[in-house]
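S.K.: Predicted model follows, preceded by the sequence.
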Amino acid sequence: MDVSVLYFAVPFLTAQLEPSAVQQLWILDVYGFVLAGLLITMGALGDRIGRRRLLLAGAALFGLASCLAAYAQSAGLLIAARALLGVGGATLMPSTLALIRNLFPDARQRGKAIAAWSAAVTGGIAIGPVLSGALLEHFWWGSVFLVNTPAMVLLLVCGPLLLPEFRNPAGGRFDLLGSALSLAAMLSAVYGIKEIARDGLAPVPVAALATGLLAAAAFVHRQRTARYPMLDLELFRQRGFSGSVLMNLLAMFAVVGCAVFFTQYLQTVRGMSPMRAALWNMAPTLLVGGVAPLSAVLARRLDRSVVIAAGFALAAGGFVWLSRAEASSPLLVVLAGCALYACGLMAVMALGNELALGAAPPERAGAASAVLESGTELGGALGMAVLGTIGSAVYRDGMRGAVPAGLPARAADTARETLAGALAVADRLPGRAGQALATAARDAFTHGLHTAVLCAAGVLAAAAVLAVPLLRGIRTTPDAAGDGDGGTGRPA
């Protein structure tokens, strides 16, 4: 929820804190950068010091950082608070999945637990903008951060009572060099991909991406040669694990890459207010909540590869459906396309998480969960970069001859760059000239949306074909001796 709750708060905090353009970008991005950079480190740390201990420490940090962000009096302090939130978030996601791996040794129970986990994550993302809009109508911008605090307090109270401790007693010394390399690889790669999506092939983002790739190669070499590696590379030799990571990456590629277009479509093409757009955007998730448990049931009766392939095919069909959306299309028809792709990808990710965790040894569940989360982060960044770049290129091409002659160069560039910029320029033009520019901009953006979702559909169709041979015949089984922690659990 913390990922999406900030979207509507940006204009309000900008008015009060007056951040520079660079500071505003860091307010939005620093959480994701820190989260992505620390996932593997935190997953490996939880395997060594205990997953419950790491989860509770992260919850305490997340709650305190949320309060710090809510009452920040400067842009710099808010950026620092968001960075601390990223540190806390990096402990929470792999710890929860790793604990599920240990608490549910039975494959059928684990499938239900991961389905519930996946539905909760999806629900949080959907609820975030709605809750943000409701809070901003009645309270100050900092209130959007305080929604985290009750959940963290509840976790700190209930966690010690309900969760046993799990750790790997043979984990050995923590690999500080490996941790630094993983941080450099993820941080540089995600930063480079996002900046390339925003500004194109500029020298700094390209250098950051190259640095990330070099650090990733060094990290792999370190894990091969270290006495106590953070990550067991043998996991990637298992089709269930490596295939699931790839499937999650491709699913997030499509979801994140197209989400920004759909949000703008509701607000700028259809003219909805942010609150109304958020409410309609949440509507498809009402169906999604039941998909994860349904996919778990189907996976017990059919080969999982078939269910995952069907999920990808359903999502691809949903994106093809959305490629016909126009400004005048009935809203329910558009939402039906969103529901199709959301349901399909929920099935893919729920079953993918289950397969990957079932393939990982219980003592390595933290690191395995972190790799899964890292894959989703990379997939989202790649989707935003690739599909965002394609959609923007189509928009600019469509606006090439639509800008009125005689318009000042700066205003013309603004209109050609983004739909929001074009509508702002159109509002300042008289009569039919403004209407013509606004109509052309909306048409160009819709064409860019069509192209982006068709590209996403192509990727998902290829994933559907790939899923069957890659994941066919893989089964998740209970741990040996029916022991939820593989002999490594230590109840508190």
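M.R.: Received, thanks.
S.K.: Would you mind splitting this protein into its domains for me?
M.R.: For the chain, automatic domain parsing gives the domain ranges 1-174, 178-229, 236-471.
S.K.: starting at the chain centroid, how far to the longest one?
M.R.: Going back to what we said before, that points to domain 236-471. Averaged C-alpha coordinates place domain 236-471 at 11 Å from its chain's average position (Cα atoms, centre = their mean, to the nearest Å).
S.K.: can you give me the end-to-end distance of stretch 300-308?
M.R.: 13 Å (Cα to Cα, to the nearest Å).
S.K.: one step back: could I get the domains of the chain as JSON lines with mean neighbour count and mean pLDDT?
M.R.: From N, CA and C alone the C-beta is placed, and that goes for glycine too. Converted to JSON lines, the domains of the chain look like this (neighbours: other Cβ atoms under 10 Å; pLDDT from 0 to 100):
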{"stretch": "domain 1-174", "mean neighbour count": "20", "mean pLDDT": "84"}
{"stretch": "domain 178-229", "mean neighbour count": "18", "mean pLDDT": "85"}
{"stretch": "domain 236-471", "mean neighbour count": "20", "mean pLDDT": "83"}
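S.K.: The nearest residue to Ala433 once chain neighbours are set aside: what's it in contact with?
M.R.: Counting by Cβ to Cβ, 6 or more residues apart in numbering, Ala433 lies nearest to Pro404, which is 5.3 Å off, once chain neighbours are set aside. By Cβ atoms under 8 Å, 6 or more residues apart in numbering, Pro404 lies in contact with 429, 433, 436-437.
S.K.: Where is the longest helix in the chain?
M.R.: Criterion DSSP state H: the longest helix present in the chain is helix 431-471.
S.K.: which other helices and strands contact it?
M.R.: Using 3 or more Cβ pairs under 8 Å, 6 or more residues apart in numbering; DSSP states H and E, the elements in contact with helix 431-471 are helix 239-264, helix 304-322, helix 365-398, helix 419-427.
S.K.: how about those, which one is nearest Leu454?
M.R.: Set against Leu454 and scored by Cβ to Cβ, those come closest in helix 304-322, at 7.0 Å.
S.K.: Which element is encountered next along the chain beyond the closest one?
M.R.: Note on helix 304-322: by DSSP states H and E, the next helix or strand toward the C-terminus is helix 331-359.
S.K.: Could I get the pLDDT score of Gly487?
M.R.: pLDDT, Gly487: 36.
S.K.: Then the one 3 residues further on?
M.R.: On pLDDT, Arg490 comes in at 41.
S.K.: quick one: the helices in the stretch 1-150 of the chain?
M.R.: Along the stretch 1-150 of the chain, counting by DSSP state H, counting those that start in this stretch, helices occupy 10-17, 21-49, 51-70, 75-103, 107-138, 143-146, 148-162.
S.K.: Redo those as JSON lines? Include distance to Arg222.
M.R.: Output for these, formatted as JSON lines (distance: least, Cβ to Cβ, whole Å):
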{"stretch": "helix 10-17", "distance to Arg222": "39"}
{"stretch": "helix 21-49", "distance to Arg222": "12"}
{"stretch": "helix 51-70", "distance to Arg222": "22"}
{"stretch": "helix 75-103", "distance to Arg222": "20"}
{"stretch": "helix 107-138", "distance to Arg222": "30"}
{"stretch": "helix 143-146", "distance to Arg222": "37"}
{"stretch": "helix 148-162", "distance to Arg222": "33"}
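S.K.: Relative to Tyr265, which of these is closest?
M.R.: That would be helix 107-138 among the helices of the stretch 1-150 of the chain, by Cβ to Cβ, at 14.7 Å.
S.K.: and that closest one, what other elements does it pack with?
M.R.: helix 75-103, helix 143-146, helix 274-282, helix 285-288, helix 291-301, helix 331-359.
S.K.: Of the ones you listed, give the one that comes closest to Gly311.
M.R.: Proximity to Gly311 (Cβ to Cβ) singles out helix 331-359 among the helices and strands packed on helix 107-138, at 3.6 Å.
S.K.: angle of that closest one against helix 431-471?
M.R.: Orientation of helix 331-359 against helix 431-471 (axes from the mean of the first three to the mean of the last three Cα atoms, to 10 degrees) gives an angle of 30 degrees.
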